[in-house]
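Colleague: just coords:
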């Protein structure tokens, strides 16, 4: 029996959608080192201002990053440092999957030699 999504499930889905873009992940990884300006993020990512700003806007809309202003300069930082723990956990899951895939590949190679 299917149920309709609850508000919490919709919120969670939106949160994970905000993480579902490679540039947004790269931005969050850069912000692990502390707040950064758009220019610093551009330099670190090797990207133009427009796409960096566009992806920051998505992260801001989902409350994943916050901007603080010093004069005319905005510094972007992660709103909740637990986001880094989430990314670390995802990396560990991917690593586990890769180890499993490597083990299967080794077994396939052994079978091919028989």
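Modeller: Looks like it came in fine. Please read all numbers here as calculations on a predicted model, not as lab measurements. Numbering: from 1, shown residues only.

Colleague: where does residue 67 land in three-state SS?
Modeller: For residue 67, the assignment made with DSSP: H, G, I helix; E, B strand; the rest coil gives strand.

Colleague: show me what contacts it?
Modeller: When contacts are counted by C-beta atoms under 8 Å, 6 or more residues apart in numbering, residue 67 touches 56, 60, 74-76. (Glycine included, C-beta is placed from N, CA and C.)

Colleague: give me the contact list for stretch 27-36.
Modeller: With contacts defined as C-beta under 8 Å, 6+ apart, stretch 27-36 is touched by 19, 40-41, 44-45, 52, 55-56, 59, 64-65, 68, 75-78, 83-84, 87.

Colleague: now swap in stretch 83-99 and tell me
Modeller: With contacts defined as C-beta under 8 Å, 6+ apart, stretch 83-99 is touched by 19, 25, 28-29, 32, 64, 78.

Colleague: off-centre distance for it?
Modeller: From the chain centre to the centre of stretch 83-99 is a distance of 11 Å (C-alpha atoms, centre = their mean, to the nearest Å).
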